[in-house]
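Peer 1: just coords:
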C-alpha cells in the first residue's frame, strides 16, 4: 500500500512539473505573439510607401518627366496615405471580428478548467 501511495505522489509531482512547464511555454508563446503582432503592424505602416516607391522607380515612370519632377511628390503621398489607412482599417476590422468570435471559445476552456480544479473528487485525489 505504501508503494502505491509513493508512486501516486511521484506521479502527482511529475504532473505538476508538466503543468508548470506547459504554463511557461504558454507564457512564452504569448510573448512571441505580441512580438509578431508588432512586426505585422510595422510592416503595414512601411509596406505601402515602399511598394509605391518601388513602382515609381521603375524605368517606365523614370522616363515620364511629369512623375520625375520633385514637385510631384504629392502623388506618392496621395497613394501611400490612403493605402496605409485601408491596411490599418482592415487589420482593425479583422481584429474586432476575431475578438467577437474568440472569447466564447476561450471562456468555455477556462470554465472547464475551473470545474476540474474545484471538483471535490479531483481535490481529494490530489490531497492524498
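Peer 2: Structure's in. What do you need? All of these numbers come straight from a predicted model, not from anything done at the bench.

Peer 1: secondary structure class for residue 25?
Peer 2: Following DSSP: H, G, I helix; E, B strand; the rest coil, residue 25 is assigned to helix.

Peer 1: Contact partners for it?
Peer 2: By Cβ atoms under 8 Å, 6 or more residues apart in numbering, the contact set of residue 25 is empty. (Glycine included, C-beta is placed from N, CA and C.)

Peer 1: What separation do you get for it and residue 19?
Peer 2: 11 Å (Cβ to Cβ, to the nearest Å).

Peer 1: How about residue 81?
Peer 2: Residue 81 is 49 Å from residue 19, by Cβ to Cβ.

Peer 1: likewise residue 10?
Peer 2: 15 Å.

Peer 1: Next: residue 36.
Peer 2: 26 Å.

Peer 1: what do you get for residue 69?
Peer 2: Taking Cβ to Cβ, one finds residue 69 at 66 Å from residue 19.

Peer 1: Repeat that for residue 35.
Peer 2: 25 Å.

Peer 1: Which residue would you name as the spatial centre of this structure?
Peer 2: residue 33 (3.9 Å; Cα atoms, centre = their mean).

Peer 1: what residues are up against it?
Peer 2: So, once contact is read as Cβ under 8 Å, 6+ apart, residue 33 ends up touching nothing.

Peer 1: Return the distance of the host helix or strand of it from the chain's centre.
Peer 2: Element membership of residue 33, judged by DSSP states H and E, is helix 2-56. In terms of Cα atoms, centre = their mean, to the nearest Å, the centre of helix 2-56 is set 9 Å apart from its chain centre.

Peer 1: can you check stretch 93-100 too?
Peer 2: With Cα atoms, centre = their mean, you get 12 Å for stretch 93-100.

Peer 1: same question for it, mean pLDDT?
Peer 2: Here stretch 93-100 scores 87 as its mean pLDDT.

Peer 1: Could I get the phi/psi values of residue 71?
Peer 2: phi -70, psi -10 (degrees, to the nearest 10).

Peer 1: Next one: residue 100 from residue 80, what distance?
Peer 2: For residue 100 relative to residue 80 (Cβ to Cβ), the value is 31 Å.

Peer 1: more neighbours, those two?
Peer 2: Using other Cβ atoms under 10 Å as the criterion, residue 100 and residue 80 rank with residue 80 on top: 18 against 9.
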